[in-house]
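Novice: I need the structure of the sequence given here:
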Amino acid sequence: MKTAKGAALKKPPAKKPASKKKVASPSLPPTPGPEAERVAVAVSYLRGLVGDRFVPSAGIVLGSGLGGALRGLRVRRAVMYAEIPGFLPSTVEGHAGRLLFGRLAGLDVVVMQGRVHLYEGHSPADVVLPIRVLVALGAKTLVITNAAGGANPGLVAGDLMLIRDHLNLTGRNPLVGKNEATMGPRFPDLTEAYDAGLRASAHAVAKGQGFALREGVYAGLLGPSYETPAEVRMLHGLGADAVGMSTVLEVIAARHLGAKVLGVSCISNQGAGISSAPLSHAEVQVAMRGIEGRLLSLVTGVLGTIAAG
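Specialist: Below you'll find the predicted structure:
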């Protein structure tokens with residue numbers, strides 16, 4: 001193109017088409033999986049019974065023969081496991097199979113009177129469902145108790161042992177399968193499966209109450225047969241002080257959800273080979289009755305510490 005005087009004019013540069021900005025797609029929250037949905041159904045049912053305003057500060061699991069250990073509990077509502085969606089009834093003597101809502105040591109609490117076990121033929125998911133429901137109801141601190149045999153010769157019937165760590169020898173884990181991200185991470189850290197602060201509080205309570213409190217490692221086995229003398233020797237060699245058939249899967253599930261755990265083993269007998277006495281479930285229940293008073297003092301004392309802030 002030329003002007004009137006013949007000077008060439010430059011063509012204006014062609015405009016580049018405006019670049020389209022990429023809009024990041026919004027990240028969607030994880031979709032609840034089948035276990036989270038089972039938990040939600042059970043929680044909804046229980047909320048219909050106790051209301052939305054009841055939010056437990058702590059959950060308590062009472063093991064074999066310990067169903068009467070919390071005599072100071074002011075019960076607001078009792079629900080049989082068989083009535084709760086997804087829960088399985090306890091079939092073992094000494095496990096009442098009830099969920100109690102009430103108040104203890106100044107705190108709202110929910111209490112499992114008994115549990116179900118792998119050896120009853122249940123899946124890991126069924127065994128830990130009540131634990132997941134307790135946490136979903138609001139219980140971010142759990143006190144998990146059990147009756148256990150002594151693998152350490154220094155433990156005798158009637159001892160209370162805080163669980164410092166555990167050996168999961170059940171061959172099972174409730175987290176196997178696709179991880180449900182709404183519940184917790186794929187690989188939860190179990191370095192401190194049992195909370196050090198809660199153990200320190202328990203020791204302080206026992207000292208103030210004037211009774212001895214041991215501490216050690218709990219080995220969880222599948223059961224239901226009791227251990228042989230050779231197995232007890234092996235377990236002690238692996239570092240176990242006490243042995244039983246529960247607890248470890250519950251603790252894994254609780255820690256996956258971020259709850260703090262205080263574990264207490266009530267020593268009902270010395271392991272096979274340490275004592276020559278034959279082992280029986282009846283013996284366990286008798287021994288537990290002699291421990292209930294101290295266990296009540298310990299649990300209420302720890303809860304009182306939590307209530308005091």
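Novice: do a quick rundown of the helices in the stretch 201-309 of the chain.
Specialist: 229-238, 248-256, 281-289, 292-307 (DSSP state H, counting those that start in this stretch).
Novice: contacts for the longest one, please.
Specialist: Among residues not part of helix 292-307, those counted as contacts by CB atoms under 8 Å, 6 or more residues apart in numbering are 57-58, 60, 66, 68-72, 104-107, 109, 141, 143, 145, 160, 198, 201-202, 204-206, 208-209, 211, 213, 262, 264, 266. Using the backbone N, CA and C atoms, a C-beta is placed for each residue, glycine as well.
Novice: buried ones among the residues you listed?
Specialist: 57-58, 60, 66, 69-70, 104-105, 107, 109, 141, 143, 145, 160, 198, 201-202, 205-206, 213, 262, 264, 266 (16 or more other CB atoms under 10 Å).
Novice: give the buried residues for stretch 301-309.
Specialist: So stretch 301-309, judged by 16+ other CB under 10 Å, has buried residues 301-303, 305-306.
Novice: same check on stretch 283-298?
Specialist: Within stretch 283-298, the residues that qualify as buried are 284-285, 287-288, 291-292, 294-298, counting by 16+ other CB under 10 Å.
Novice: would you reformat these as JSON lines and include distance to E250 and pLDDT?
Specialist: Formatted as JSON lines, the buried residues of stretch 283-298 follow (distance: CB to CB, whole Å; pLDDT from 0 to 100):
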{"residue": "V284", "distance to E250": "19", "pLDDT": "74"}
{"residue": "Q285", "distance to E250": "21", "pLDDT": "74"}
{"residue": "A287", "distance to E250": "22", "pLDDT": "73"}
{"residue": "M288", "distance to E250": "18", "pLDDT": "74"}
{"residue": "I291", "distance to E250": "20", "pLDDT": "86"}
{"residue": "E292", "distance to E250": "21", "pLDDT": "86"}
{"residue": "R294", "distance to E250": "22", "pLDDT": "92"}
{"residue": "L295", "distance to E250": "17", "pLDDT": "92"}
{"residue": "L296", "distance to E250": "21", "pLDDT": "91"}
{"residue": "S297", "distance to E250": "23", "pLDDT": "92"}
{"residue": "L298", "distance to E250": "19", "pLDDT": "95"}
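Novice: three-state assignment of L49?
Specialist: The three-state label given to L49 by DSSP: H, G, I helix; E, B strand; the rest coil is helix.
Novice: pLDDT value on it, please?
Specialist: pLDDT recorded at L49 is 97.
Novice: show me the contacts for the closest residue to it other than its chain neighbours.
Specialist: Distance criterion CB to CB, 6 or more residues apart in numbering; nearest residue to L49, sequence neighbours excluded, is R77 at 5.8 Å. Going by CB under 8 Å, 6+ apart, R77 touches 49-50, 100-102.
Novice: try it again with 10 Å
Specialist: 46, 49-51, 54, 99-102, 110 (CB atoms under 10 Å, 6 or more residues apart in numbering).
Novice: and it, bridged to which residues?
Specialist: F101 (DSSP bridges).
Novice: confidence score at it?
Specialist: pLDDT, R77: 96.
Novice: repeat for K20
Specialist: K20 is given a pLDDT of 57.
Novice: ditto for A24
Specialist: 54.
Novice: and L262, by the same measure?
Specialist: pLDDT, L262: 98.
Novice: that one touches S201, doesn't it?
Specialist: Yes: using CB atoms under 10 Å, L262 is in contact with S201, at 8.1 Å.
Novice: common neighbours of those two, please.
Specialist: With CB under 10 Å, 6+ apart, L262 and S201 have common neighbours 195, 298, 302-303.
Novice: quick one: contacts of the helix or strand of the chain with the lowest mean pLDDT?
Specialist: Least confident helix or strand of the chain, by mean pLDDT, DSSP states H and E, is helix 281-289 with a mean of 74. Outside helix 281-289, the residues within contact range by CB under 10 Å, 6+ apart are 62-69, 92-94, 145, 147-149, 157-158, 224, 226, 244, 266-269, 277, 280, 295.
Novice: now, of those, which are buried?
Specialist: Judged by 16+ other CB under 10 Å, buried ones among the contacts of helix 281-289: 62-67, 69, 92, 94, 145, 147-149, 157, 226, 244, 266-269, 295.
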